[in-house]
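A.B. asks: can't give you the sequence, but here's the structure:
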């Protein structure tokens, strides 16, 4: 066999499809040290080892196990007909001849070439299938890695978002607490403002009352001054009774205008619901008006119409219920006569 023929038979040798004589020839050629055939055999053996992974698994026939189990067991010491006596096992590569014994004479070289080409096609096809399977596996592995990386990125983003959400929730809680505090402070300030406004209204009311009192006092002072300046005015002095020994008063009367002015001092404080009442006495007492006391225990009263002053002989001041009475009923505190 030429080198080209031996090289063409390498694929068949790799899959164990050569006859014994051909196998022995190629083995002798390999032992001679042909580097090219050694490298080709290694490549074909690598591809041949991948061929089973590219095939579709087939379920064995149900009767196969029964056939194997029913095969006669070898008799100890018997010599098998398929191999020479003295050999314990088949040589490498003889399993093909043992399983498929040749039934035809040696093939011609064209047939061998066709078989070699067929084996080459099988090897190339298996190589393509193995390469395709490897490529798909590599592509799937790359896609899986990309998906894993995407999942990790998404997980990292979700963790970051959760952390940001927690921080924002804490910030919102803090702001809510501060807002509640500010609302409480605003409510307190509103209450204080309302209280201050009420106090200011009270002060305004008191100021208005004081202004009214001062205006009234100013008018009374003017009238009192006019009584003193009028030469026709007459004065009646009243002194305290046993009820108020230190008290006193004087009454100024203008006969032209028929106005009178009473000024009392050192009178005792009035009980609740009581007033002082001035009486002008002729044959019987006539009420001239009621008055109270200021903080200095002083009483002032302007009488705008006191008729028949010349007929009056005596004046007195008693304590009566609020509003006064037509006739005196209380104790006398001041008394005086013309």
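C.D. replies: That came through fine. Just so we're clear, the structure is a prediction, and the values are computed from it rather than from any experiment. Numbering: from 1, shown residues only.

A.B. asks: do a quick rundown of the helices in the stretch 151-300 of the chain.
C.D. replies: Per DSSP state H, counting those that start in this stretch, the stretch 151-300 of the chain carries no helices over any range.

A.B. asks: that one: strands as residue ranges?
C.D. replies: Remark: strands assigned in the stretch 151-300 of the chain by DSSP state E, counting those that start in this stretch are 234-240, 248-254, 259-265, 274-281, 285-291, 298-303.

A.B. asks: save these as CSV, and put in mean pLDDT and distance to residue 4 too.
C.D. replies: C-beta coordinates here come from the backbone N, C-alpha and C atoms, glycine included. Compiled in CSV, the strands of the stretch 151-300 of the chain are given as follows (pLDDT from 0 to 100; distance: least, CB to CB, whole Å):
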stretch, mean pLDDT, distance to residue 4
strand 234-240, 89, 166
strand 248-254, 88, 164
strand 259-265, 89, 160
strand 274-281, 92, 155
strand 285-291, 90, 157
strand 298-303, 87, 155
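
A.B. asks: for the ones you listed, which one sits closest to residue 331?
C.D. replies: Among the strands of the stretch 151-300 of the chain, the nearest to residue 331 by CB to CB is strand 274-281 (10.9 Å).

A.B. asks: what's the angle between that closest one and strand 298-303?
C.D. replies: Orientation check (axes from the mean of the first three to the mean of the last three CA atoms, to 10 degrees): strand 274-281 against strand 298-303 gives 50 degrees.

A.B. asks: list the buried residues in strand 274-281.
C.D. replies: 275-280 (16 or more other CB atoms under 10 Å).

A.B. asks: which other helices and strands contact that strand?
C.D. replies: strand 285-291, strand 298-303, strand 314-321 (3 or more CB pairs under 8 Å, 6 or more residues apart in numbering; DSSP states H and E).

A.B. asks: what about it, distance to the chain center?
C.D. replies: 78 Å (CA atoms, centre = their mean, to the nearest Å).

A.B. asks: partner strands of it, with direction?
C.D. replies: strand 285-291 (antiparallel), strand 314-321 (antiparallel) (DSSP bridges).

A.B. asks: show me the shaky parts of the protein.
C.D. replies: For the chain, applying pLDDT under 70 flags the ranges 51-58, 71-120, 123, 220-221, 223-230, 307, 309-310.
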